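1. Give the three-dimensional model of this entry:
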Amino acid sequence: MTGNTGTVRLAVVTVVRDDLPGLLATRASLRAQTIAAYDWFVADGASTDGTARWLARHGNEAVWWRSSPDRGLYDAMNTALDAIAERSPSCGPSCSHVLFLNAGDRLADDRVLERLYPILTASPDTGLFYGDAVEELPGGRLVVKPARSHYRALLGMFTHHQAMVYRLAALSNVRFDLRHTLAADYAFTVTVLKQGDPAHRLPLPVCVFATGGRSQKDPARGRREQAIIRRELLGLGRSANATLWGLQWLALTLRQTIPWLYAKYRFSPNERSFLS
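-> Residues are numbered from 1 along each chain as shown. Just a heads-up that it's a prediction; the model follows:
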């Protein structure tokens, strides 16, 4: 199925380093979609595990790719955003929106884009769309993690970054702040919201997110970076920041020590309904 998507076209940005199996899983998820009105941009951080060789052999599957050293995940994302902005019209239809789907991340099912595109088309002035995320827990169990409202962005990321779709016109002057090694996506999203464009809650899970990433391995650093972002971008004072830091620590402790209680509070009981 190809479908009529009008002027909407999605740029999917995948950042990878030494994770060829993850890259192939993301590729398989994209290839399984019932509509193919997307362009794949792949930024590889000079992998040595065969990823660069695979890209060289299959480069025609991405409209743009590069394999070279970078300063980390967010630097690679900035490079891909620049590549999208500089893309020549002669290379095909220009992209209108961007989704960051890193190596190992997958779309929630094969109809995500089919359901997403009419919503994007109907809301041309919306700067940010966001939906639920599916978390893959140890052992392979899948659970839906509902998005919070973007009005609660003060508390932190209200859904996974991979469940957010940004209108490219809203990103002309927005890039990831490389001072933040774990929370630059939070600063990026807050900056987009501060511009005043509408944000739209999607009625669907967008991605399958594999747990165990960098932010989960060093949560204290992530909380510190978020505190800086809240102070600089949202004007939050020291005492309010300390309160939010404590609440975040409490939520993490609850997840680690009483996982069933955290799951009851944070995960949808209809954990596999999105696959039906």
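2. Where does pLDDT dip in the protein?
-> For the chain, the stretches with pLDDT under 70 are 1-6, 88-92, 210-217, 254-255, 260-266, 269-276.
3. Can you check which strand is longest in it?
-> If you go by DSSP state E, the chain has its longest strand at strand 199-210.
4. Parallel or antiparallel, which strands does it pair with?
-> strand 106-107 (antiparallel), strand 128-136 (parallel) (DSSP bridges).
5. Turn those into a markdown table, including mean neighbour count and distance to residue 183.
-> Using the backbone N, CA and C atoms, a C-beta is placed for each residue, glycine as well. Formatted as a markdown table, those follow (neighbours: other CB atoms under 10 Å; distance: least, CB to CB, whole Å):
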| stretch | mean neighbour count | distance to residue 183 |
| --- | --- | --- |
| strand 106-107 | 23 | 23 |
| strand 128-136 | 22 | 17 |
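6. Export those strands to JSON lines and append columns for distance to residue 24.
-> Shown next, in JSON lines, are the strands paired with strand 199-210 (distance: least, CB to CB, whole Å):
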{"stretch": "strand 106-107", "distance to residue 24": "11"}
{"stretch": "strand 128-136", "distance to residue 24": "16"}
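7. Tell me which of those strands sits nearest to residue 71.
-> strand 128-136 (25.4 Å; CB to CB).
8. Buried residues of stretch 175-191, list them for me.
-> 175-177, 180-191 (16 or more other CB atoms under 10 Å).
9. Going by distance to residue 200, which of those wins?
-> The closest of the buried residues of stretch 175-191 to residue 200 turns out to be residue 189 (CB to CB; 13.6 Å).
10. Need the contact partners of the host helix or strand of that closest one.
-> According to DSSP states H and E, residue 189 maps onto helix 184-194. Residues outside helix 184-194 that contact it (CB atoms under 8 Å, 6 or more residues apart in numbering) are 74, 100, 127-128, 150, 153, 156-157, 161, 164, 166, 170-171, 174-178, 180, 199, 225-226, 229, 233-234.
11. next one: stretch 238-250
-> With contact meaning CB under 8 Å, 6+ apart, stretch 238-250 is reached by 154, 155, 156, 219, 223, 226, 227, 230, 231, 236.
12. Restricting to C-alpha, output that stretch in PDB.
-> What follows is stretch 238-250 as a C-alpha-only set of coordinates in PDB (Å, rounded to 0.1, in the frame of the first residue of the first chain):
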ATOM      1  CA  ARG A 238      16.300  26.300  43.200                       C
ATOM      2  CA  SER A 239      13.800  25.000  45.700                       C
ATOM      3  CA  ALA A 240      11.200  24.000  43.100                       C
ATOM      4  CA  ASN A 241      14.000  22.300  41.100                       C
ATOM      5  CA  ALA A 242      15.100  20.400  44.200                       C
ATOM      6  CA  THR A 243      11.500  19.200  44.800                       C
ATOM      7  CA  LEU A 244      11.200  17.900  41.200                       C
ATOM      8  CA  TRP A 245      14.600  16.200  41.500                       C
ATOM      9  CA  GLY A 246      13.400  14.400  44.600                       C
ATOM     10  CA  LEU A 247      10.200  13.300  42.900                       C
ATOM     11  CA  GLN A 248      12.100  11.900  40.000                       C
ATOM     12  CA  TRP A 249      14.400  10.000  42.400                       C
ATOM     13  CA  LEU A 250      11.400   8.600  44.200                       C
END
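13. residues of that stretch that come out buried?
-> The neighbour-count check on stretch 238-250 (16+ other CB under 10 Å) flags 241, 244, 245, 248 as buried.
14. Compile those into a markdown table and extend it with columns for secondary structure.
-> Converted to a markdown table, the buried residues of stretch 238-250 look like this (DSSP: H, G, I helix; E, B strand; the rest coil):
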| residue | secondary structure |
| --- | --- |
| 241 | helix |
| 244 | helix |
| 245 | helix |
| 248 | helix |
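15. Export those to CSV and append columns for distance to residue 31.
-> Output for those, formatted as CSV (distance: CB to CB, whole Å):
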residue, distance to residue 31
241, 44
244, 41
245, 42
248, 37
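16. quick one: which of the residues you listed is nearest residue 79?
-> Closest approach between the buried residues of stretch 238-250 and residue 79, by CB to CB: residue 248, at 30.3 Å.
17. Quickly note the distance from residue 76 to residue 43.
-> 4 Å (CB to CB, to the nearest Å).
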